[in-house]
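Engineer: here is my input, please return the structure:
(2 chains)
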Amino acid sequence: GNSVTQMEGPVTLSEEAFLTINCTYTATGYPSLFWYVQYPGEGLQLLLKATKADDKGSNKGFEATYRKETTSFHLEKGSVQVSDSAVYFCALRSNRDDKIIFGKGTRLHILP
Amino acid sequence: GAVVSQHPSRVICKSGTSVKIECRSLDFQATTMFWYRQFPKQSLMLMATSNEGSKATYEQGVEKDKFLINHASLTLSTLTVTSAHPEDSSFYICSWAGDSTDTQYFGPGTRLTVL
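Structural biologist: Purely as a prediction, here's the structure:
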């Protein structure tokens, strides 16, 4: 079945460091891919998405490219801020149903 | 953006009691909503999909008689964990479907601890 695997956290970085959170997926067909972010005390929010191979999703300085050949959707940001501290979830939605499959989440701590 | 609330945010109960969790969309209406469960260090797992006015559709392995869903309106849904046991301790999250199939608006979650 469909699944999402993302790197385990927590990930701790200093402010202005480069961030990569790895995500790979297993799915039949051509899924849509997402990154969600959950700030403390809040619900998950859609951060970015990509719906087909080679698409790049971007938002708030974060980017992720849909790589079908490596079945990956790694999240990157060139210079993180303290306010980026949150839990990040990689997810997919199969084009056969509306269900979203989530990874386990990666907690990110940014130190000032 | 769309705002979803859940109440309570935390609840501790004794084994055998029932617990009700509310999920409200505060500034929008939607027909379809979802209930998820997240165990520590695990993924969010979809428990059920609910459409207002219809019976909820439960995922395989989720007992519909144990997790009662009442989708009362386009802005309110409740999840009742009946006869809770320690293994039901988890983080329960609701979401409401947006205009497109790729959009869901999530609540902040309810942490249930069953003693």
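Engineer: which secondary element of the chain has the worst mean pLDDT?
Structural biologist: As the question left the chain open, I've gone with chain A. Using mean pLDDT, DSSP states H and E, the weakest-scoring helix or strand in chain A turns out to be strand A:100-102, at a mean of 91.
Engineer: looking at chain B here, not the other one
Structural biologist: Result, chain B / mean pLDDT, DSSP H and E: strand B:104-106, a mean of 89.
Engineer: which other helices and strands contact it?
Structural biologist: strand B:90-97 (3 or more CB pairs under 8 Å, 6 or more residues apart in numbering or on different chains; DSSP states H and E). Placement of C-beta: from N, CA and C, glycine included.
Engineer: neighbouring strands of the strand it packs on in the sheet, and parallel or not?
Structural biologist: strand B:32-38 (antiparallel), strand B:104-106 (antiparallel), strand B:110-114 (antiparallel) (DSSP bridges).
Engineer: contact partners of that strand?
Structural biologist: Under the criterion CB atoms under 8 Å, 6 or more residues apart in numbering or on different chains, residues A:43-44, A:98, B:2, B:4, B:6, B:21, B:23, B:25, B:28, B:30-39, B:44, B:77, B:79, B:81, B:103-112 lie in contact with strand B:90-97.
Engineer: gap between the residue lying farthest from the centre of chain A and chain B?
Structural biologist: The outermost residue of chain A relative to its centre, with distances by CA atoms, centre = their mean, is A:P112 at 22.8 Å. According to CB to the nearest CB, to the nearest Å, A:P112 stands 25 Å off from chain B.
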